[in-house]
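A.B. asks: I'd like to go over a predicted model; first the sequence, then the structure.
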Amino acid sequence: MNFNLENNLNWQQQLAGSFANPEELLKFLDLDLSHCTKKKLANIEFPFKVTHSFASRMAKRDIHDPLLAQVLPVTGELDLSHGFSTNPVGDLEATVSPGVLHKYHGRVLLIVTAACAINCRYCFRREFPYRNGSFSPAYEQMGLEYISKNADINEVILSGGDPLMLNDSKLKSLITKIAAIPHIIRLRVHTRLPIVLPSRITAKLIETLSETRLQTVLVLHTNHPNELDREIASAIGQLTDANIPLLNQSVLLKGVNDDSTILIGLSEALFALNILPYYLHLLDKTKGTLHFATALPKAKSIQKRLRQKLPGFLVPRMVWEKPGEAFKLPL
Ligand SMILES: *Cc1c(COP(=O)(O)O)cnc(C)c1O
Ligand code: SF4
């Protein structure tokens, strides 16, 4: 697609024009199609999906590009190693109502949609069954009732999938219903859309997020400084102009960002856009993601280096999730 043309499309049209198979993307990047044969990938069920915006930030003719590595299916996904499961962080046990996870004190997480604008190969939700079912009106009703009945919940997290895949009117209606529950004070939105589909940041969205009595915070998902360019800076600028606090979480990924220099660059690039690093997650042991795993000693040395080189507020908390624990565990 021609990028000047693409700029004139709205986010839903851009989404519809995304790369839907690896061959198309490899062609766009001037890469040999042998990097990805149909036969090799025959057994992979997690669909391929990448926006043109994200692809435009990949280097041409570089099969090791760190953005490409996050989305390109490889044979490593077929390695079904011991200890890598379909329910790595105990989300099934934390489900209190369809699409509602209550794992930590005071916070509930709503899976409001299974859809994302891109499919990250390391995603821990790639195997979770709610990919199939959406947050239907009946489920939404049940979820809101659960929250209403539990007065010790004060924060609702919209997640998925990506909650900003909902259109503005659906989002507004959901936020209005949440705001009607008196004991909820905070709304958190976990989203990668500002990074992979910056056109999603519309005036209407800003209005939806600002015009609520709830205190709203956005937690973005960026793994590599190359994900942040001028187009992203301008989208993020609209959020900061609206005084919406911005945090970022990353996943430590072999071949993408398992390097302290890259992560230092990421923290600096984030803060230049007024985004604070929040979490750096160790990879969840999800089936098909072993090739992204970083060995523990390496993770520890990266953490030490970040502490040596960055001001404390730019060091992301390195954490991992253990089923049954009351919080995400520090390394
Ligand atoms: C990560 C997570 C949260 C939020 O945890 P914080 O440490 O507050 O960021 C809440 N609920 C679930 C199910 C989670 O996985
Ligand atoms: S955007 Fe987040 S939820 Fe969606 S595929 Fe990527 S890691 Fe998974």
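C.D. replies: Done, it's in. Ligands and ions are numbered 1, 2, ... in the order given.
A.B. asks: which parts of the stretch 1-150 of the chain are strands?
C.D. replies: Here the stretch 1-150 of the chain has its strands, by DSSP state E, counting those that start in this stretch, at 95-97, 100-104, 107-111.
A.B. asks: per-residue pLDDT, Ile178?
C.D. replies: Ile178 carries a pLDDT value of 98.
A.B. asks: so for it, what's the nearest residue that isn't a sequence neighbour?
C.D. replies: Sequence neighbours aside, Val156 is the residue nearest to Ile178 in space, at 5.2 Å (criterion: Cβ to Cβ, 6 or more residues apart in numbering). Quick note: C-beta positions are derived from backbone N, CA and C, even for glycine.
A.B. asks: what do you get for Lys298?
C.D. replies: Asp258 (6.5 Å).
A.B. asks: and the one you found, what element?
C.D. replies: For Asp258, there is no host helix or strand (DSSP states H and E).
A.B. asks: where does the stretch 1-150 of the chain have low pLDDT?
C.D. replies: 1-5, 37-44, 81-83, 127-133 (pLDDT under 70).
A.B. asks: how about the residues of it near ligand 1?
C.D. replies: By the rule Cβ under 6 Å from any ligand atom, the part of the stretch 1-150 of the chain lying against ligand 1 is 94, 101, 103-104, 107, 109.
A.B. asks: residue contacts, the residue nearest to Ile178?
C.D. replies: 107-108, 110, 147, 178, 184, 186-188 (Cβ atoms under 8 Å, 6 or more residues apart in numbering).
A.B. asks: switch to 6 Å and redo it
C.D. replies: By Cβ atoms under 6 Å, 6 or more residues apart in numbering, the contact set of Val156 is 108, 178, 184, 187.
A.B. asks: in helices, which of those fall?
C.D. replies: Those of these mapping onto helices are Ile178, per DSSP state H.
A.B. asks: before we move on, the earlier item: which PyMOL command selects the buried ones in the residues of the stretch 1-150 of the chain next to ligand 1?
C.D. replies: Restricted to buried positions by 16 or more other Cβ atoms under 10 Å, the PyMOL selection for these reads:
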select buried, resi 94+101+103+109
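A.B. asks: what's the closest of the residues of the stretch 1-150 of the chain next to ligand 1 to Leu25?
C.D. replies: Using Cβ to Cβ, Leu109 comes nearest to Leu25 of those, at 30.9 Å.
A.B. asks: quick one: the closest one from ligand 2, how far?
C.D. replies: 12 Å (Cβ to the nearest ligand atom, to the nearest Å).
A.B. asks: quickly list what that residue is bridged to.
C.D. replies: Counting by DSSP bridges, Leu109 is bridged to Leu101, Ile157.
A.B. asks: re the thing from before, redo the strands of the stretch 1-150 of the chain as JSON lines? Include distance to Gly288.
C.D. replies: Below are those laid out as JSON lines (distance: least, Cβ to Cβ, whole Å):
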{"stretch": "strand 95-97", "distance to Gly288": "22"}
{"stretch": "strand 100-104", "distance to Gly288": "22"}
{"stretch": "strand 107-111", "distance to Gly288": "20"}
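A.B. asks: out of these, which is closest to Gly17?
C.D. replies: Across the strands of the stretch 1-150 of the chain (criterion: Cβ to Cβ), the nearest stretch is strand 107-111, sitting at 26.2 Å.
A.B. asks: before we move on, the earlier item: burial check on the residue nearest to Lys298, number of neighbours?
C.D. replies: Counted by other Cβ atoms under 10 Å, the residues lying close to Asp258 total 18.
A.B. asks: just flag the most distant two among the residues of the stretch 1-150 of the chain next to ligand 1.
C.D. replies: Within these, two members stand farthest from each other by Cβ to Cβ: Ala94 and Arg107, at 11.1 Å.
A.B. asks: columns distance to Ala295 on top of the residues of the stretch 1-150 of the chain next to ligand 1, output as TSV?
C.D. replies: What follows is these, written out as TSV (distance: Cβ to Cβ, whole Å):
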residue	distance to Ala295
Ala94	28
Leu101	29
Lys103	27
Tyr104	28
Arg107	31
Leu109	29
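A.B. asks: now, which of the residues of the stretch 1-150 of the chain next to ligand 1 sits nearest ligand 2?
C.D. replies: Leu109 (12.0 Å; Cβ to the nearest ligand atom).
A.B. asks: the closest one touches Leu158, doesn't it?
C.D. replies: No: Leu109 is beyond contact range of Leu158, at 8.2 Å (criterion: Cβ atoms under 6 Å).
A.B. asks: tell me the mean pLDDT over stretch 234-249?
C.D. replies: Stretch 234-249 shows a mean pLDDT of 98.
A.B. asks: give the buried residues for that stretch.
C.D. replies: Under the neighbour-count criterion of 16+ other Cβ under 10 Å, stretch 234-249 has 235-236, 238-239, 244, 246-249 buried.
A.B. asks: next: stretch 58-66.
C.D. replies: Neighbour counts using 16+ other Cβ under 10 Å place 58, 65-66 of stretch 58-66 among the buried residues.
A.B. asks: just those now: which is nearest Ala203?
C.D. replies: Nearest to Ala203 among the buried residues of stretch 58-66 is Met58, at 29.1 Å by Cβ to Cβ.
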